[in-house]
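> Let me see the structure of the following:
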Amino acid sequence: MTLDWQPLLITFKLASVTTAILFCIGVPFAWWLAHTRTRFKPVVEALVSMPLVLPPSVLGFYLLLAFSPEHWFGQWLDRVAGLRLAFSFEGLVVASVIFSFPFLVHPVQSGFQNLPSSLAEAAHVLGKSKLETFLRVLLPNIKPALLSGTVLAFAHTVGEFGVVLMIGGNLPDQTRVASIAIYDEVEALNYAAANFYAGVLFCLSFLILLVVYVFNRKAPI
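Residues are numbered from 1 along each chain as shown. This next block holds a predicted model:
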């Protein structure tokens, strides 16, 4: 049996890039959600949480429409930035960031909300700027939440199917991730290959979650 490793490599590349982007934009956004007092906060939280309840195919369908060259947004991206997100790896990244956003934001938001306000106040009294307080005081004190959110976002991206199929299609060596490869192999009655891809994802997901639980158990509350 000849195995194609590309679906696994594309999957891990997609999950790594997506998680890195999510960490950069999701952590500050989670801090804002934890401290904002705007009356529109419930609306923002509902929008952030939509991927948790929406069928992936629904989100993927609307993103595909938006990214299509026939849609004004897709035309604008092509004209201004030269980006064609439909059926491309870049499109998979954008879709994955949107779809996995709440899996990072919610744990980190909870971590910020559980911190005593005296930490930031003490840092300000000692002359620390808001950025120094955020980076050197707040973030080190929510390490378990940061780890949980990062790992959940990574693992969720690894297991995506509906969204990546709608946005990226099934292009070999470009957008064919492991979850789609499993579906293809099952349809072709090639259960050995499907079992290989599924087994790798199963073991990886278990190890990732095990690391999180072990770390959070040892970490001080």
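
> Need the three-state assignment for Pro69.
When classified by DSSP: H, G, I helix; E, B strand; the rest coil, Pro69 comes out as coil.

> List the contacts of it.
The contact partners of Pro69, by Cβ atoms under 8 Å, 6 or more residues apart in numbering, come to Gln75, Asp78, Arg84, Ala86. Just so you know, the C-beta spots here come from the backbone N, C-alpha and C atoms, and that holds for glycine as well.

> backbone phi and psi for it, please?
The phi/psi pair for Pro69 (degrees, to the nearest 10) reads phi -60, psi -20.

> for Pro172, same thing?
Dihedral angles of Pro172 (phi, psi; degrees, to the nearest 10) stand at phi -60, psi 140.

> roughly how far apart are it and Gln6?
Taking Cβ to Cβ, to the nearest Å as the measure, Pro172 falls 7 Å from Gln6.

> Of those two, which one has the most company?
Neighbour totals were compared for Pro172 and Gln6, and Gln6 leads with 15 against 12 (other Cβ atoms under 10 Å).

> nearest spatial neighbour of Thr18, skipping sequence neighbours?
Closest residue to Thr18 apart from its sequence neighbours, by Cβ to Cβ, 6 or more residues apart in numbering: Ser96 at 4.2 Å.

> just checking, what packs against whichever strand or helix holds that neighbour?
Assessed by DSSP states H and E, Ser96 sits inside helix 89-113. Packing partners of helix 89-113 (3 or more Cβ pairs under 8 Å, 6 or more residues apart in numbering; DSSP states H and E): helix 6-35, helix 41-53, helix 56-67, helix 143-158, helix 162-168.

> Which positions within the one helix or strand in the chain whose mean pLDDT sits lowest qualify as buried?
Ranked by mean pLDDT, DSSP states H and E, the weakest helix or strand in the chain is helix 117-125, scoring a mean of 78. Residues of helix 117-125 classed as buried by neighbour count (16 or more other Cβ atoms under 10 Å): Ala120, Ala123.

> I would like the residues contacting that helix, please.
By Cβ under 8 Å, 6+ apart, helix 117-125 touches Glu132, Thr133, Arg136, Val137, Leu138, Asn141.

> and that helix, how far out from the chain's middle?
Centre-to-centre, helix 117-125 and its host chain are 31 Å apart (Cα atoms, centre = their mean, to the nearest Å).

> Same question for stretch 116-126.
On Cα atoms, centre = their mean, the centre of stretch 116-126 falls 31 Å from the chain's centre.

> How about stretch 17-27?
Offset of stretch 17-27 from its chain centre (Cα atoms, centre = their mean): 7 Å.

> Now tell me what touches it from outside.
93, 96-97, 100-101, 104-105, 108, 139, 146, 149-150, 153-154, 157.

> Where does confidence bottom out across these?
Of all the contacts of stretch 17-27, Leu139 carries the smallest pLDDT score, 88.

> So that residue sits against Leu146, correct?
Yes: Leu139 lies in contact with Leu146 (Cβ atoms under 8 Å); the separation is 6.9 Å.

> residue ranges with poor pLDDT in the chain?
Applying pLDDT under 70 to the chain flags the ranges 1-2, 218-221.
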